[in-house]
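Asker: below is the structure, and that's it, no one-letter string:
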């Protein structure tokens, strides 16, 4: 008899997805669990319940928490797919929310394939309209490839919950070999380790010499050159990043291969992203950092000073605290520039982040630009009723020196509202006051709110109706 239990349906799909992600056959996983292959097939197809004993074995085998097996749909994947279907190209298709949710729950790989196809459609559309470049077909093609490559790597990080245990292990083993006095920046110890253990010399480009390159490794001369115009935290990070490319080369390639990342520009971008992760694991060692995170109640500025790193580096590292048994708050993080472009995005909190356009202008990640270098706090509520707490800070980046170019960014780091009490910032707001809550959305096209003064595009779920004699809060919504 077919099992109609909703939780069972979700568990069957989740177990099948986890098995496939680890390249296990049904026969192999059934043998590990101690059941027959036909019985596992029935479980994966939602025709048998999952017992507590099976759940415990799965948690041990996959090295995850029990709660992860029974968690809800991949909210990030669901958000991306909902944003895809908000495009006008699907206006003639009557798709209900639960239809999309069922697809994500039962067939996540098909959902990802639809998103990848839409990525290609979107960039091809931009190419034809001349948006991606004005230097001819080759420039447009490169722009399209770069956009898709970045999204593929972003999906890889999201799929792995921004936690890569093998890279953590390699970083931990290296740190044990360092001659590192307490409370000192790692630039010198890391440089000495490269020299003594691997015969790699670390040199710096003097600040009086102008150069566009901030990191360069000469494999023949075995010399790593770092610009001395950079802040100390940036120089240390670049040394650690190069160490990742050299000393964790095999593991980085294994991760990319396991996620079906083929040779080419996508793999190069993936190697860069994973070497960045490795650098974070070196300069902010997991166990020590996690201990200080709890001790300071996630006070980012205190953590900056204790580990002699930047605000952005701390925020990045906080999103990677997903080690079973030593997990931090599930955070989401965004980085935007002053034009509103999202250059980094990750969500473990469950909040939906726009894939194809700028984020909601009501988010404090944008208003932070009005008060640079100050942390702004916000409680927000999404259209689905979920509430989140977010801190944001805008800052200026220079490559060093008075005449160097400057860039402006804002970082947003947030969590579910019920996790905010674990943070020092949660003490500064009235978490239970509805007066402090800001209604936000994902993007204007997918957001159903009609009372927003900052709406830039019409909502996809409403018929446009203009009345020249009536002015509403937005040009796209006319009052009844």
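Answerer: Structure's in. What do you need? Nothing here was measured: the structure is a model prediction, and the numbers come from that model. Residues are numbered from 1 along each chain as shown.
Asker: give me the domain ranges for this protein.
Answerer: 6-69, 75-156, 165-323, 329-439 (automatic domain parsing).
Asker: where along the stretch 1-150 of the chain do the helices fall?
Answerer: Using DSSP state H, counting those that start in this stretch, the helices of the stretch 1-150 of the chain run over residues 6-21, 26-33, 37-44, 52-62, 66-69, 75-85, 97-106, 108-128, 137-159.
Asker: please identify the most buried of the ones you listed.
Answerer: helix 75-85 (a mean of 22; mean count of other C-beta atoms under 10 Å). Placement of C-beta: from N, CA and C, glycine included.
Asker: can you list the domains of the chain in CSV and add mean pLDDT and distance to residue 445?
Answerer: Shown next, in CSV, are those (pLDDT from 0 to 100; distance: least, C-beta to C-beta, whole Å):
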stretch, mean pLDDT, distance to residue 445
domain 6-69, 78, 28
domain 75-156, 71, 5
domain 165-323, 91, 27
domain 329-439, 87, 7
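Asker: format those as a markdown table; extra columns: distance to residue 455.
Answerer: Formatted as a markdown table, those follow (distance: least, C-beta to C-beta, whole Å):
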| stretch | distance to residue 455 |
| --- | --- |
| domain 6-69 | 34 |
| domain 75-156 | 14 |
| domain 165-323 | 29 |
| domain 329-439 | 9 |
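Asker: for the spatially most central residue of the chain, give its distance to residue 216.
Answerer: With distances taken as C-alpha atoms, centre = their mean, residue 346 lies nearest the centre of the chain, 2.0 Å away. Residue 346 sits 29 Å away from residue 216, going by C-beta to C-beta, to the nearest Å.
Asker: repeat for residue 180
Answerer: For residue 180 relative to residue 216 (C-beta to C-beta), the value is 25 Å.
Asker: where along the stretch 251-400 of the chain do the strands fall?
Answerer: 322-323, 326-327, 332-337, 342-347, 376-381, 387-398 (DSSP state E, counting those that start in this stretch).
Asker: so which elements touch whichever helix or strand comes after the last one?
Answerer: The helix or strand immediately downstream of strand 387-398 is strand 406-416, counting by DSSP states H and E. Strand 406-416 makes packing contacts with helix 311-318, strand 332-337, helix 364-367, strand 387-398 when contacts are defined by 3 or more C-beta pairs under 8 Å, 6 or more residues apart in numbering; DSSP states H and E.
Asker: any chance of these in CSV, plus mean neighbour count?
Answerer: Shown next, in CSV, are the helices and strands packed on strand 406-416 (neighbours: other C-beta atoms under 10 Å):
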stretch, mean neighbour count
helix 311-318, 22
strand 332-337, 21
helix 364-367, 22
strand 387-398, 20
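Asker: residue 454: which of these is closest?
Answerer: helix 364-367 (9.5 Å; C-beta to C-beta).
Asker: what's that closest one in contact with?
Answerer: 334, 336, 340, 359, 376-378, 390-392, 410-412, 438 (C-beta atoms under 8 Å, 6 or more residues apart in numbering).
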